[in-house]
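Novice: need a structure here:
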Amino acid sequence: MLKDKTTERKIRDTRLRKRIRERVQGTPERPRLHVFKSNAYIYTQVIDDRKGAVLLTASTLEKEVRAKVKSTKNKDACVLLGELLGQRLKTARIDKVVFDRGTHPYHGRIKTLAEAIRKEGIQF
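Specialist: Alright, predicted model coming up:
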């Protein structure tokens with residue numbers, strides 16, 4: 001039976017997401033930093049999975065980020081987003097997180113974002 005590429009990708013991503021989430025769990029001491037990447041923006045959430053609560057959010061959609069960068073879908077925007085999220089994590093007294101890249105490979109914009117967060121002193 002022939003399946004289109006979109007259906008195959010959804011099935012693959014569902015399996016991959018389930019496998020990742022079995023290993024990556026956010027706790028109050030070390031919450032999960034989830035990254036969602038669309039074609040235009042990057043969204044991040046810091047989540048405590050035991051409570052099921054979102055502690056912090058940041059995205060390239062925010063006015064602070066869009067005012068400083070030319071485009072919200074390049075590495076420069078990811079660096080700025082990483083610095084912003086790192087500062088928010090420090091303010092919330094969170095210094096260790098578990099990085100959840102989702103179904104995206106660790107390169108390009110995802111890697112740039114992670115390195116920018118590490119430069120702010122957040123460990124993962």
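
Novice: quick check: bridge partners of the spatially most central residue of the chain?
Specialist: Centroid-nearest residue in the chain: V35, 1.9 Å away (criterion: CA atoms, centre = their mean). Beta-bridge partners for V35, by DSSP bridges, are T44.

Novice: test my guess that it contacts D100.
Specialist: Yes - judged on CB atoms under 8 Å, V35 makes contact with D100 at a distance of 6.8 Å. Just so you know, the C-beta spots here come from the backbone N, C-alpha and C atoms, and that holds for glycine as well.

Novice: returning to that earlier point: quick one: contacts for the residue nearest to the centre of the chain?
Specialist: Taking CB atoms under 8 Å, 6 or more residues apart in numbering, we find V35 in contact with I42, Y43, T44, F99, D100, R101, G102, H104, I110, L113.

Novice: from the rest of the structure, what touches the longest helix seen in the chain?
Specialist: Ranked by residue count, the top helix of the chain under DSSP state H comes out as helix 5-23. Identification of contacts with helix 5-23 by CB under 8 Å, 6+ apart yields D100, R101, G102, T103.

Novice: got it, and stretch 94-110?
Specialist: 12-13, 16-17, 20-21, 24-26, 29-37, 42, 46, 55-56, 73-75, 78, 89, 114, 121-124.

Novice: pull out the buried residues from those residues.
Specialist: 24, 26, 30-35, 37, 42, 46, 55-56, 73, 78, 89, 114, 122 (16 or more other CB atoms under 10 Å).

Novice: helix or strand: which one has L80?
Specialist: Remark: L80 resides in helix 75-91, with elements defined by DSSP states H and E.

Novice: does anything pack onto that helix? Which helices or strands?
Specialist: strand 42-48, strand 53-59, helix 63-68, helix 109-119 (3 or more CB pairs under 8 Å, 6 or more residues apart in numbering; DSSP states H and E).

Novice: so which bits of the last one are buried?
Specialist: Spelled out, that is helix 109-119. R109, I110, T112, L113, A114, A116, I117.

Novice: quick check: which ranges of this structure have low pLDDT?
Specialist: 1-2 (pLDDT under 70).

Novice: again, only this time at 90
Specialist: Counting by pLDDT under 90, the chain contains low-confidence ranges at 1-6, 9, 17-28, 64, 72-73, 101-105, 124.

Novice: okay then, goodbye and thanks.
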